[in-house]
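*Asks:* sequence and predicted model, in that order:
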Amino acid sequence: MHEEFLMGNAAIARGAIAAGLNLIAGYPGTPSTEVLENVAKSKREGTYVEWSVNEKAALEVAAGATYAGARTMVTMKQVGLNVASDPLMSLEYVGVKGGMIVLVADDPGPISSQTEQDTRKFAEFSKLPCFDPSSVQEAYEMVSEAFELSEKYGTPVFLRSTTRVSHGYASISVKDEDEYYTNTPEGFVKDSKRWVIFPRLSYANHQKIEARNAELSKVFSEYKRNKILFGAERSEIGIAAGGISYSYVLEAMKETGRLSLFKVSTPFPFPEEKALEFLKGKKEVLCIEELDPVIERELIYVCGKYNLDVRIRGKLTGDTPNAGENTIDSVKENILSFISDNASGSDTENSGVAATVSTGNSDSETNNDSISGSGERETPPPLPVRPPVLCAGCPHRASFYAVKKAMQGRKTIFCGDIGCYTLGNAMPLDMVDTCLCMGAGVNIAQGVGHIEPDTKCFAFVGDSTFFASAITGVVNAVYNQADMTLIVLDNSTTAMTGHQPHPGTGHTMMGEIVAKINIEQVLRGIGLTTVETIDPLDMNGSIELIKRVADEPGVKAVIFKSPCVAIVPPNKALHIDQEKCIKCKKCIREIGCPGIVINDGRVEIDTSLCTGCTLCSQICPVGAIS
């Protein structure tokens with residue numbers, strides 16, 4: 001260890017490097033900007049650094065890298081968290097493999113921002129653990145602790161800084177290079193049950209998240225940075241503080257005199273047991289924090305839960321300001337006023353609105369007997385299992401199949417997206433390795449590619465989603481020189497939600513006919529030089545095209561253009577010549593079309609479903625389907 005004089009953001013960067021950081025992505029925003037810049041200056045060999053086109057793209061790139069086992073950090077200011085919230089909310093449900101820190105620098109004041117958002121509240125909303133450093137030294141040390149917790153519990157973790165921590169300077173102890181931790185990513189391991197988000201998985205993971213956070217509340221109660229300092233023995237009054245406000249309290253107490261002090265370094269999940277230990281024997285507690293009454297509300301909750309007669313004061317009671325940043329002087333005034341009130345025996349009570357909860361109303365209770373049947377009801381038979389599948393004749397099936405055949409035997413990752421084509425994850429196609437949120441696949445593919453450059457990375461996106469949120473991801477890929485293949489599944493509609501129009505369809509919901517925005521022209525305008533368009537139902541042509549394009553360097557795109565079967569009249573249904581059919585069932589085993597069935601041992605076409613797409617006829621090795 002040795003001493004260095006560092007800015008808070010530089011300390012965070014150095015802490016990340018020492019903790020084995022593999023990839024960092026972010027978007028500049030005061031007061032967070034210098035974190036990424038300092039990593040770029042001091043990074044170890046093999047560490048990837050990028051300014052992304054926005055915070056959403058940055059978080060998705062980092063998600064792809066952490067899926068591969070990399071330790072990643074994403075940097076932004078508090079308003080940037082709004083942009084990143086789309087993938088972040090889903091990523092909490094999917095989870096991570098490598099450690100991921102989401103560094104958000106809040107801006108109390110505000111000094112250079114539109115809002116005074118408090119990331120601690122967003123941590124509660126998103127159910128993500130949150131670390132809240134109170135000094136430059138603590139910010140440096142918390143980085144490695146946050147990475148360890150992230151990996152142990154498989155979750156992204158917030159490191160919430162504020163302007164005075166990020167831009168403050170201090171002489172701190174930092175590790176020598178021979179003490180640095182080296183993280184070697186395992187690589188991406190395909191597991192669609194883990195990395196592809198579906199409602200059933202989300203439901204199960206939500207339960208796990210709640211159980212984990214309950215456990216973390218106990219873990220954080222033993223965390224060394226959540227601590228109680230008894231300045232006065234058996235003091236009946238005390239102060240609770242977190243973040244930079246804790247440092248202000250320590251400074252102010254040099255003049256006000258020491259009081260019992262509770263330091264909260266992990267505002268979520270809240271260290272409830274440690275809070276209970278602090279509150280026992282107290283009559284009043286003053287909460288000093290920036291920006292929202294997070295600690296204050298949590299202590300009120302603990303008092304109610306454990307029936308403690310302790311008055312909690314702070315922003316909600318008007319004892320501390322509810323906007324703007326704290327200072328040593330303002331904190332000193334708050335403490336002196338608090339001490340004075342208690343010395344004079346003030347018995348002012350918390351203002352509030354009492355609420356009563358009725359457990360029932362005898363005048364309006366429902367008589368269950370009046371609606372119940374007189375006889376026993378028969379138990380209905382269980383519903384048949386109907387897993388969702390791509391429609392018969394869906395052009396996406398042909399697109400997935402062409403890419404699968406072209407890349408057979410090669411190391412690949414197929415990053416999916418939200419839409420009908422998410423169903424490409426099902427067997428026998430098995431072509432969706434990741435699915436996070438709209439447009440995320442484009443950036444996840446980049447993240448994996450930066451960690452595993454020997455992997456052929458593909459991102460699938462529908463035409464509607466391309467316009468909704470994938471364009472920025474393509475810009476990010478071109479700007480940051482990624483090596484990936486974009487597959488645009490253009491079926492000329494927003495199919496999954498009921499065939500709504502989008503900018504590529506040529507009409508609006510007002511019934512107006514407008515110019516179609518051409519996806520190929522957009523991609524060329526972004527900077528792609530290789531953009532090919534083909535009908536995926538041309539199976540051999542599609543396979544050869546993918547083989548050729550995938551081996552070109554940089555960012556390239558293939559547009560599979562074929563309309564959704566629900567918006568065009570079907571062709572004549574196909575027929576299987578039973579004399580030619582050898583019952584190899586390749587047409588069933590390889591594409592999984594619901595229009596192909598087995599009836600009394602014979603492979604047949606269900607003419608009520610078949611749209612005549614001809615994909616199965618191109619697959620049949622003996623030409624039995626026509």
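*Replies:* Thanks, I have the structure now. Since we're looking at a predicted model, the values are computed, not measured.
*Asks:* pLDDT weak spots in the protein?
*Replies:* 231-234, 344-375 (pLDDT under 70).
*Asks:* pick out the residue nearest the middle of it.
*Replies:* By Cα atoms, centre = their mean, the mean C-alpha position of the chain lies nearest to L88, the distance being 2.1 Å.
*Asks:* what's near enough to touch E236?
*Replies:* With contacts defined as Cβ atoms under 8 Å, 6 or more residues apart in numbering, E236 is in contact with 281-284, 342. (Each C-beta comes from the backbone N, C-alpha and C, glycine too.)
*Asks:* so G554 touches D483, yeah?
*Replies:* Yes: using Cβ atoms under 8 Å, G554 is in contact with D483, at 6.2 Å.
*Asks:* my guess is R589 is in a helix, correct?
*Replies:* Yes: assessed by DSSP: H, G, I helix; E, B strand; the rest coil, R589 belongs to a helix.
*Asks:* circling back: neighbour count: G554 and D483, which is higher?
*Replies:* D483 (18 against 15; other Cβ atoms under 10 Å).
*Asks:* does the more buried one touch P553 like I think?
*Replies:* Yes: the criterion here is Cβ under 8 Å, and D483 meets it with P553 at 6.2 Å.
*Asks:* look up how far D417 lies from N480.
*Replies:* 20 Å (Cβ to Cβ, to the nearest Å).
*Asks:* quick one, which of those two is more surrounded?
*Replies:* Between N480 and D417, D417 has the larger neighbour count (other Cβ under 10 Å), namely 27 against 20.
*Asks:* rewinding a little: could I get the contacts of E236 as CSV with neighbour count?
*Replies:* What follows is the contacts of E236, written out as CSV (neighbours: other Cβ atoms under 10 Å):
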residue, neighbour count
G281, 13
K282, 22
K283, 12
E284, 17
N342, 16
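*Asks:* show me those residues that map onto helices.
*Replies:* Among the contacts of E236, the residues falling in helices (DSSP state H) are N342.
*Asks:* mind putting the contacts of E236 into TSV with distance to R164?
*Replies:* Shown next, in TSV, are the contacts of E236 (distance: Cβ to Cβ, whole Å):
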residue	distance to R164
G281	32
K282	28
K283	31
E284	27
N342	29
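*Asks:* for the contacts of E236, which one is nearest K411?
*Replies:* K411 lies nearest to K282 out of those, by Cβ to Cβ, at 60.5 Å.
*Asks:* number of residues surrounding the closest residue to the closest one other than its chain neighbours?
*Replies:* Excluding its sequence neighbours, the residue lying closest to K282 (Cβ to Cβ, 6 or more residues apart in numbering) is V310, at 4.9 Å. Around V310 there are 21 other residues, counting by other Cβ under 10 Å.
*Asks:* run through the strands of the stretch 401-550 of the chain in chain order.
*Replies:* Here the stretch 401-550 of the chain has its strands, by DSSP state E, counting those that start in this stretch, at 412-415, 456-462, 484-490, 531-534.
*Asks:* parallel or antiparallel, list what pairs with the third one.
*Replies:* Think strand 484-490. With DSSP bridges as the test, strand 484-490 is paired with strand 456-462 (parallel), strand 555-561 (parallel).
*Asks:* just the CA trace of it, in CSV.
*Replies:* What follows is strand 484-490, C-alpha atoms only, in CSV (Å, rounded to 0.1, in the frame of the first residue of the first chain):
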residue,chain,number,x,y,z
MET,A,484,-20.5,-8.3,-35.2
THR,A,485,-23.2,-9.2,-37.6
LEU,A,486,-26.6,-7.5,-37.4
ILE,A,487,-29.6,-9.5,-38.6
VAL,A,488,-32.7,-7.4,-39.2
LEU,A,489,-35.9,-9.5,-39.4
ASP,A,490,-38.0,-7.3,-41.6
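*Asks:* what's the offset of it from the middle of its chain?
*Replies:* Computed by Cα atoms, centre = their mean, to the nearest Å, the chain-centroid distance of strand 484-490 equals 23 Å.
*Asks:* try stretch 588-602
*Replies:* Averaging C-alpha positions (Cα atoms, centre = their mean) puts stretch 588-602 38 Å from its chain's average.
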